[in-house]
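[1] sequence and predicted structure are below.
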Amino acid sequence: MHSVSVNLEPAQLLAGWRAEGGALFLPILSDAHVGAQVAVRIGIFGQSIRATIFGKVAAVRRVGRPTLPPGVELHVDQASVAAVGFLIMAARGEPVSFRQRSPRFAAERPIACGFAGQTVAATTINLSEGGCALRWKGPLPVVGDVVTLSLPGGLFRATARSVVCWTHVSGTPSVGLQLPSPPEPSLGLRVVTEGRGARAWRALVAEVARSGARAA
């Protein structure tokens, strides 16, 4: 998955959004190709609002003209349409009221992750129906990378496809020696799978909730 960040003028965002087709034109040059899955972190100049939009590249215009700038047209995933709506409201100067996110629970659960052809042993920090935060062992993926989560699913294990939304590395002093401990990488994932994998993920979150895990 390709990832990119961009700051737009309000007029650029408003002109680029076609709600009837769920298409968003971004006046940026990119090495993404038609059909590529992308994650775009969009900001608006002069405002603090930011949103990550997921979708598929529908067209790439590498050479433009004054009335038709170069850029990419993104077919926005249905799950990201609401986020585009928040950005559009902000670009118009309207008050933005964020929806309450799904409940998130603090819980440490070991979970096997598939990334770059390898299996990584990770541990959850918190979970919600929309995704999770993990402690990660080894080199971190980058925002936009795809990670596969291995989940319990009855007779056969299920897998859930997810996308990296953020990464973080921190170090803390070691007790007594006061020397920095090795950095502890962590990352946030947005679960984007459907079908059996989505049901298995929701079942895991429900099981964590029933266990009495505190809200995060």
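    In hand now; what should we look at?
[2] that's a helix at residue 205, yeah?
    Yes. Residue 205 sits within a helix when classified using DSSP: H, G, I helix; E, B strand; the rest coil.
[3] domain boundaries for this structure, per the record?
    Using automatic domain parsing, the domain ranges for the chain come out as 2-91, 104-210.
[4] reformat the ones you listed as TSV; add mean neighbour count and mean pLDDT.
    (Each C-beta comes from the backbone N, C-alpha and C, glycine too.) TSV is the format used below for these (neighbours: other C-beta atoms under 10 Å; pLDDT from 0 to 100):
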stretch	mean neighbour count	mean pLDDT
domain 2-91	16	84
domain 104-210	16	82
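[5] spatially nearest residue to residue 125 (excluding sequence neighbours)?
    Leaving aside its sequence neighbours, residue 125 sits nearest to residue 133 (C-beta to C-beta, 6 or more residues apart in numbering; 4.1 Å).
[6] give me the sheet partners of whatever helix or strand that neighbour lives in and which way each runs.
    Assessed by DSSP states H and E, residue 133 sits inside strand 131-135. When pairing is defined by DSSP bridges, strand 131-135 lines up against strand 118-128 (antiparallel), strand 184-191 (antiparallel).
[7] so which of those strands is nearest residue 35?
    Smallest distance to residue 35 across those (C-beta to C-beta): 20.6 Å, for strand 184-191.
[8] residue 4: what's it in contact with?
    28, 30, 32, 38-41 (C-beta atoms under 8 Å, 6 or more residues apart in numbering).
[9] residue 159 contacts residue 147, doesn't it?
    No. Using C-beta atoms under 8 Å, residue 159 makes no contact with residue 147, being 10.4 Å away.
[10] just to revisit the earlier point, got the contact list for the residue nearest to residue 125?
    So residue 133 contacts 124-126, 186-189 (C-beta under 8 Å, 6+ apart).
[11] residue boundaries of the strands in this protein?
    2-8, 17-18, 23-26, 37-44, 50-61, 71-76, 104-106, 110-115, 118-128, 131-135, 146-151, 158-170, 184-191 (DSSP state E).
[12] so what's residue 118 bridging to?
    residue 115.
[13] residue 55 against residue 78, yeah?
    No. When contacts are counted by C-beta under 8 Å, residue 55 is not listed as touching residue 78 (9.6 Å).
[14] follow-up on the earlier one: send me the strand holding residue 133 as CSV with only the CA atoms.
    Extracted in CSV, the C-alpha atoms of strand 131-135 (Å, rounded to 0.1, in the frame of the first residue of the first chain):
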residue,chain,number,x,y,z
GLY,A,131,-8.3,-1.6,15.1
CYS,A,132,-5.6,-1.8,17.7
ALA,A,133,-2.3,-0.6,19.1
LEU,A,134,0.6,-3.1,19.3
ARG,A,135,4.0,-3.5,20.8
